[in-house]
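Visitor: Take this sequence and fold it.
(one chain, ligands or ions: 2)
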Amino acid sequence: MIGILGAGSLGRLWAALLPQGQVAFLPRPDADPGAATLSYTFESIRGSHRTLALPWLQSPDDLSLLLVTTKAGDTLNALQHWLARIPASVPIVLFQNGLGSQQAVANAWPEHPILAASTTEGANRPEPNRVVHAGTGETWVGPLTPAARPKLAGVVSQLATTGLVVHAEDQILPRLWQKLVVNAGINPFTAILDCPNGDILANDFFLSHINPLCNEIAGLMAAEGIGNPTPEELRQRIETVARNTARNTSSMRGDILNGRRTEIDFINGYLVQLGERLDIPTPVNQLLTDRVKQLSPH
Ligand SMILES: NC(=O)C1=CN([C@@H]2O[C@H](COP(=O)(O)OP(=O)(O)OC[C@H]3O[C@@H](n4cnc5c(N)ncnc54)[C@H](OP(=O)(O)O)[C@@H]3O)[C@@H](O)[C@H]2O)C=CC1
Ligand SMILES: CC(C)(CO)C(=O)C(=O)O
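Guide: Ligands and ions are numbered 1, 2, ... in the order given. Purely as a prediction, here's the structure:
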């Protein structure tokens, strides 16, 4: 059985596309799921609809793979309960955006096969029980702990049964950084300016901060040994994604609009903390983090 911890947009997307009968959601330890199954309507990328009823996991011993699709800030806590209960050989794939939560999990359970995924698939939940596969992309999966290396090929084959494009990636950290750069350069601006992704591009606040932001990120990447991109290359990457997703509401803006905690601590906040460790000043990342936190309810 493939378990999914975090029955939100992304978790329900994978659950809908994996072979039915082989997937189950892991319930919150403190909540009674109420029914034996979780039912929702799934709208495919081609616009077709189907109604699904997926079971809640009966026994942790049944697990062959665990996908973790909680938000970054919930992940350590969500796994705490389950890791004492599931067999130590079960591969665990972390799907969180940003950085920091993945390392925290790998450091907490270094003997477990822990992998991280970076995905450009897009899913949202316009209503509690309706999940939309809004954008198709690619997913890279790679090992975070030594025990995960021998599991990588098998995990990729299992995820590829969805029909989504899934790659094995030996060096997952640089992949996670690529997405982090894009999220750090788009998400806080859309949240602060309360606008869709494309609208940041002509805004004075974005235009006056994007170059110093990219300088900070390029300095951190060089110090961390994550390639050697120039600030100009980073800006180009950020602006290309903002243009290609111009009408999108970013996940961070969506979180603010829905009164939810954002993932800022794992995006620009992560860069601030890294800067502190490396003695590299990050005033723009700090400013963006502070401004987003002022908007967030938590
Ligand atoms: N959606 C997308 O297209 C993409 C998302 N991501 C990343 O994937 C992660 C998940 O995103 P998304 O699915 O959009 O987020 P959602 O908020 O939709 O889903 C997270 C789910 O985790 C559940 N959860 C929180 N704590 C626990 C817990 N302790 N035990 C069990 N379940 C728990 C939440 O429950 P409740 O609803 O009750 O709070 C919620 O259903 C994020 O890090 C995001 O950045 C990455 C790429 C694309
Ligand atoms: C790429 C981007 C900015 C698309 O909206 C995203 O990943 C997000 O919203 O978190």
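Visitor: Any figure for the gap between the residue in the stretch 51-200 of the chain positioned nearest to ligand 2 and residue 99?
Guide: Ranked by CB to the nearest ligand atom, the top residue of the stretch 51-200 of the chain for proximity to ligand 2 is residue 186, at 4.2 Å. C-beta here means a position set from N, CA and C on the backbone, and glycine is covered the same way. When CB to CB, to the nearest Å is the yardstick, residue 186 and residue 99 sit 16 Å from each other.
Visitor: These two: which has the busier surroundings?
Guide: Neighbour totals were compared for residue 186 and residue 99, and residue 186 leads with 26 against 23 (other CB atoms under 10 Å).
Visitor: residues touching the more buried one, list them.
Guide: In this structure, residue 186 makes contact with 197, 200, 238, 241-242, 245, 250, judged by CB atoms under 8 Å, 6 or more residues apart in numbering.
Visitor: Would you list the buried entries among those?
Guide: Neighbour-count burial (16 or more other CB atoms under 10 Å) applied to these gives 197, 200, 238, 241-242, 245, 250.
Visitor: Which one of these is nearest to residue 169?
Guide: Comparing these against residue 169 with CB to CB picks out residue 241 as the nearest, at 19.2 Å.
Visitor: For the protein, which segments count as strands?
Guide: Under the criterion DSSP state E, strands of the chain are mapped to 2-5, 23-25, 37-43, 49-55, 65-68, 92-94, 114-119, 122-127, 130-135, 138-143, 165-168.
Visitor: How confident was the prediction at residue 298?
Guide: For residue 298, the pLDDT comes out at 61.
Visitor: for the stretch 101-250 of the chain, which spans come out with low pLDDT?
Guide: Across the stretch 101-250 of the chain, not a single residue meets the criterion (pLDDT under 70).
Visitor: which residues does the residue of the stretch 1-150 of the chain found nearest ligand 1 contact?
Guide: Closest contact between the stretch 1-150 of the chain and ligand 1, by CB to the nearest ligand atom, is at residue 8 (1.7 Å). Residue 8 makes contacts with 69-71, 125, as judged by CB under 8 Å, 6+ apart.
Visitor: export the strands of the chain to TSV and tack on distance to residue 108 and mean neighbour count?
Guide: Below are these laid out as TSV (distance: least, CB to CB, whole Å; neighbours: other CB atoms under 10 Å):
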stretch	distance to residue 108	mean neighbour count
strand 2-5	15	24
strand 23-25	23	21
strand 37-43	27	17
strand 49-55	28	13
strand 65-68	13	25
strand 92-94	11	27
strand 114-119	9	27
strand 122-127	27	16
strand 130-135	30	18
strand 138-143	16	22
strand 165-168	24	17
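Visitor: Need those in JSON lines (columns: distance to residue 206).
Guide: What follows is the strands of the chain, written out as JSON lines (distance: least, CB to CB, whole Å):
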{"stretch": "strand 2-5", "distance to residue 206": "35"}
{"stretch": "strand 23-25", "distance to residue 206": "39"}
{"stretch": "strand 37-43", "distance to residue 206": "32"}
{"stretch": "strand 49-55", "distance to residue 206": "37"}
{"stretch": "strand 65-68", "distance to residue 206": "32"}
{"stretch": "strand 92-94", "distance to residue 206": "30"}
{"stretch": "strand 114-119", "distance to residue 206": "24"}
{"stretch": "strand 122-127", "distance to residue 206": "22"}
{"stretch": "strand 130-135", "distance to residue 206": "22"}
{"stretch": "strand 138-143", "distance to residue 206": "27"}
{"stretch": "strand 165-168", "distance to residue 206": "31"}
